[in-house]
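J.: pasting the structure only:
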């Protein structure tokens, strides 16, 4: 009997809207508790929800990016249960009629493509937060209550924790590319609840499904799944039953633990919310949203390797964020050689941005400035080595390359007339090296070149220096 | 005639001509309340200072020569299920005994902008669940026509206040008949607008797909005037219809000639008291005399309306009332609790009355796994059939007629132990809420000295037609203006 893991995933992502799902309160992170709530999201008697159109748009956008169908008509439903962080003791969500459904995403792992079916992507509201004090009092905070949440549910198509990890990484990247969520698990903007059992494909036998909660990072998800799969295998081996339950991942103990669970599964008594009218997104609107879809990461990566001749690794790095990819393409458009663009972006630009804690959107250098620098190097005005110094200074001051070079006299000491005497001097100062090179010892040339570079404070064009040395010494062989 | 005996439009005329001030009218109203309230007990809270302050402002505006809305300066009463900013709102329940809303309902905002001073909050069945106002956690309101009898429910306080001249106008709410039935048994006019005609923002929800706010008034003209103030779309209520508001007062032409009325066979059945039947049949004669063609209408699915209502309303209510857990507002249990579940359970057991607990339990049951399809889903389907009956009827008729209530006011305590009998009080009104259509109740006579009401039902958003016919009937039949024999 060969049991293999069977995993399904539920991901909740907070949507990047300005206001909450059913009221006008701000979704911005609020320092002080209970300042970003109103009678509606606090569940004061008599209030009513009004749907946030932007949130609906973002879910449709995500659904389209995941190849889903958009419902012609759908409704919000009430999910009824009691909990202190629930202002109405029901959550407005979707049940039988999700906004989008029936899509898929390809997960790439070790060069293999695994298609994962997306069952649905729907819309709901977030709850408030509970805080428990040591003396047994509890506090409830509603700034988060009502923030729009997108729920992405897969079919149980995952066969390994590694696949899940790859999926979450791709999904997070996609959500950021689409600008629908910042998908940061550590901040709670993306939450993940896997459900896992072990199944024998031949016989169809399987263990009970276990849901895992309290996962705060992608790595945590992977670790928890590895643990749980192992735990279930162990149960099978020992002939112990796996119970259908919800287990909590303990970061401290690195294990899943039984949550204080009930005998029977919770009955949420879903019914269509009578306070909200059905949604029927017009095909015109859906198509308009489709046109706002950016080129998706995988497609862009493929295009980068093809169109720009970049390596897969480079393409991967440059498409790491939509902003980086956009920047690179803008720069590549201004350069003759896309490799120049990729080198500068991946090398010096990224280095300085990271050192300054800046995102590429905050770069003091627009692509045009780097393009100018590249042009200067290509035309021989400055050396490659000098260009690095100039770049650093450009980044620091925001000045153009031209201005910096002029200001600091960093131009290439380049003409033959200028270099001639310096080279003669170097040869005169190193007669042994000169003789060795003339006799055919290539290595000796380096000594002479180095001397010239030192004398010109690195501003001589190495290629020209080499050529001039050759001309002077070649003849004396 | 004493000031408090006037209709709202009569008072409005006097105010416009500056023969009387709003402050005077308001003070006169409170004097009447002071004299009579002990007998009627219509109000849970009086807001005299606030009302006088609002009245003063209207008087000052008028003195400055500002153009004022038609009802400016005419004070009104508000059913205690509607949120008033800074003014206690209990919904007739212990669980909200000290609840002070931090905002105004849309209708309250509109009344304020129209210059109506607020007299106070009226008594009601707890959370609008009931047909007699006996389910109020605080007290029983008495019918001004016979103080041993119920004023109807759940807007019994509002109806009694208007009938006893303790308010020129009142707002109530209607989910299964709670405006019309009290209006009927108290001998006044009551209108349930089309679902979506009036914003529900600020109306503490009982059954979201059925609730509507509407006027209770001394005559049809007042009803039209008040409806004009509160009707209209509202961005805060997704179910409020985005349709233009008609000229309701303009529709009071007094001429209903050519309209076709259908008398609903199923609502004139066995349970109708002979005295009620007589009054309604006489009313039909009056209408015929006015040029309205009256025939029999057949709405076969009406017999299922009561059971359908008692599945849908409790279901929605069980969800709407889940929020009362003592965490943010309202009553919270004092005693020691084990955990949040314990706190919620004790709070709700202490705060909710028996009828509310019963409907929450029923609602939870019909929504639960295994029963949802058989009950809730089925009820929704039958609701569609009932609605289709009305659609079909309105192809033949411009309005439908029936008694508002099959009986006159029953005695206080008489049906408390007979829930089925209690619920039968709404048998004529409930189908209307299920279909979402508007309906008007006008006084049409007396049986054993107690008021009888005639119900007129109309097409969606055709309140004008109802008001037009209602007005013509009222002027012809002559029951308008009758006062109960109160001391």
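T.: Cool, the structure landed. Note that the coordinates shown come from a computational prediction; the quantities given were computed from them, not determined experimentally. Numbering: from 1, shown residues only, chains lettered A, B, ... in the order given.

J.: what sits against residue B:305?
T.: B:386, B:427, B:430, B:431, B:434 (Cβ atoms under 8 Å, 6 or more residues apart in numbering or on different chains). Quick note: C-beta positions are derived from backbone N, CA and C, even for glycine.

J.: of those residues - the most surrounded one?
T.: residue B:431 (33 neighbours; other Cβ atoms under 10 Å in any protein chain shown).

J.: next up, the contacts around it.
T.: Residue B:431 neighbours (Cβ under 8 Å, 6+ apart): B:267, B:299, B:302, B:305, B:386, B:390.

J.: hang on, it is in a helix, isn't it?
T.: Yes: under DSSP: H, G, I helix; E, B strand; the rest coil, residue B:431 falls within a helix.

J.: what about the strands in the stretch 101-250 of chain B?
T.: Assigned by DSSP state E, counting those that start in this stretch, the strands in the stretch 101-250 of chain B fall at B:118-122, B:169-174, B:189-192, B:212-217.

J.: please name whichever of those strands is nearest to residue B:19.
T.: strand B:169-174 (19.5 Å; Cβ to Cβ).

J.: what lines up beside that closest one in the sheet?
T.: As defined by DSSP bridges, the strand partners of strand B:169-174 come to strand B:76-79 (parallel), strand B:212-217 (antiparallel).

J.: what about that strand, distance to the chain center?
T.: 4 Å (Cα atoms, centre = their mean, to the nearest Å).

J.: if we can go back for a sec, columns secondary structure on top of the contacts of residue B:431, output as TSV?
T.: Below are the contacts of residue B:431 laid out as TSV (three-state DSSP):
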residue	secondary structure
B:267	helix
B:299	coil
B:302	helix
B:305	helix
B:386	helix
B:390	helix
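
J.: shaky segments in chain B?
T.: Scanning chain B with the threshold set as pLDDT under 70 gives B:487.

J.: and residue A:471, how many neighbours?
T.: 11.

J.: then residue B:274?
T.: 8.

J.: any idea how far residue B:181 is from it?
T.: 19 Å (Cβ to Cβ, to the nearest Å).

J.: and what of residue B:456?
T.: Where residue B:181 is concerned, residue B:456 sits at a distance of 14 Å (Cβ to Cβ).

J.: of these two, who's got more company?
T.: Shown here are residue B:456 and residue B:181; by other Cβ under 10 Å, residue B:181 has more neighbours (35 against 25).

J.: check contacts around that one.
T.: B:131, B:152, B:153, B:404, B:405, B:425, B:426, B:429, B:441, B:453.

J.: assign the residue sitting furthest away from the middle of chain B to helix, strand or coil.
T.: In chain B, residue B:338 marks the outermost C-alpha relative to the chain mean, sitting 41.4 Å out by Cα atoms, centre = their mean. In three-state terms, and counting by three-state DSSP, residue B:338 is coil.

J.: next up, phi/psi of it, please.
T.: phi -80, psi -40 (degrees, to the nearest 10).

J.: how much space between it and residue A:308?
T.: For residue B:338 relative to residue A:308 (Cβ to Cβ), the value is 66 Å.

J.: please apply the same query to residue B:169.
T.: Distance from residue B:169 to residue A:308, by Cβ to Cβ: 76 Å.

J.: more crowded one of these two?
T.: Ranked by neighbour count (other Cβ under 10 Å), residue B:169 and residue A:308 place residue B:169 first, with 29 against 18.

J.: quick one on the thing from earlier: between the contacts of residue B:431, which is nearest chain A?
T.: residue B:386 (16.6 Å; Cβ to the nearest Cβ).

J.: verify the stated contact: the closest one with residue B:435.
T.: Yes: counting by Cβ atoms under 8 Å, residue B:435 is a contact partner of residue B:386 at 6.0 Å.

J.: what does chain A have sitting close to chain B?
T.: A:39, A:42-51, A:78, A:80, A:82-84, A:87-90, A:138, A:140, A:267, A:269, A:271, A:274-277 (Cβ under 8 Å from any Cβ of the partner chain).
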